[in-house]
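Peer 1: Attaching a predicted model along with its sequence, questions to come.
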Amino acid sequence: MSQKTKWEIDPTHAEIGFKVKHMMFTNVSGKIGKYSAIIETDEDDFTNAVIDFTGDTDSVTTGNADRDAHLISPDFFDAAQFPKINFVATSFLKVDIADFELTGDLTLHGVTKPIKLAVEFGGLMKDPWGNIKAAFNIEGKINRKDWGLSWNAALEAGGVLVGEEVKIIAEIELIKK
């Protein structure tokens, strides 16, 4: 039986973010500032990884205080009623030498639905202080309306203020514990 290895997200070398179309022609980027994760693997093999990620909805930031306040309001995340975003992996399949498909259940705004994310594994490396690190680039797309995030405003010229498709973009560096 193989030994379970525990990993932590290195907060100084990680960013969990998203992009959404604004006025149908430009992107607004944001990130989750406060999060935690339980990550366990069979030694250094991530294909059977246990991944349980939780982010605080009130830590969502886009660099604009008014927009951030609107995002955590009942119009969007409703952080008072739904304080957490959660992702629990159900599979981590190897596609080729560096590419994986991460499938799991995303709980957002009180709704849980399965999602698939493309993962690029950057490899394992020892840092100058002797820590073993693992690097991942993660991308995916969801439709925010599937999670009940449906607020919008019509534009005079047609279309809507906020796009429905949300791009998930994460750069993750893990530290082996």
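Peer 2: Perfect, thanks for sending it. Numbers count the residues shown, from 1 in each chain.

Peer 1: contacts, neighbours, all on C-alpha from now
Peer 2: Will do.

Peer 1: tell me the contacts of residue 29?
Peer 2: By CA atoms under 8 Å, 6 or more residues apart in numbering, the contact list for residue 29 reads 17-20, 62.

Peer 1: switch to 6 Å and redo it
Peer 2: 18-19, 62 (CA atoms under 6 Å, 6 or more residues apart in numbering).

Peer 1: possible to save the residues you listed as a markdown table with pLDDT?
Peer 2: Listed next are these as a markdown table, based on pLDDT from 0 to 100:
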| residue | pLDDT |
| --- | --- |
| 18 | 96 |
| 19 | 95 |
| 62 | 95 |
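
Peer 1: Most neighbours among those residues, which one?
Peer 2: residue 18 (21 neighbours; other CA atoms under 10 Å).

Peer 1: Give me the subset of the contacts of residue 29 lying in helices.
Peer 2: Using DSSP state H, no member of the contacts of residue 29 falls in helices.

Peer 1: Tabulate the residues you listed in TSV, adding columns for distance to residue 110.
Peer 2: Shown next, in TSV, are the contacts of residue 29 (distance: CA to CA, whole Å):
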residue	distance to residue 110
18	19
19	21
62	22
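
Peer 1: Could you look up the SS state of the residue nearest the centre of the chain?
Peer 2: For the chain, residue 16 is the residue whose C-alpha lies nearest the centre (CA atoms, centre = their mean; 5.2 Å). Following DSSP: H, G, I helix; E, B strand; the rest coil, we place residue 16 in the strand state.

Peer 1: Any idea what it is bridged to?
Peer 2: Beta-bridge partners recorded for residue 16 (DSSP bridges): residue 170.

Peer 1: where's residue 5, which helix or strand?
Peer 2: Residue 5 is part of strand 4-9, with elements assigned from DSSP states H and E.

Peer 1: which residues sit against that strand?
Peer 2: Strand 4-9 has contacts (CA under 6 Å, 6+ apart) with 39-43, 173-177.

Peer 1: Hmm, residue 103 and residue 91 touching each other?
Peer 2: Yes - the criterion here is CA atoms under 6 Å, and residue 91 meets it with residue 103 at 5.2 Å.

Peer 1: circling back: how about the strand holding residue 5, which residues are buried there?
Peer 2: Neighbour-count burial for strand 4-9, counted by 16 or more other CA atoms under 10 Å, picks out 5-9.
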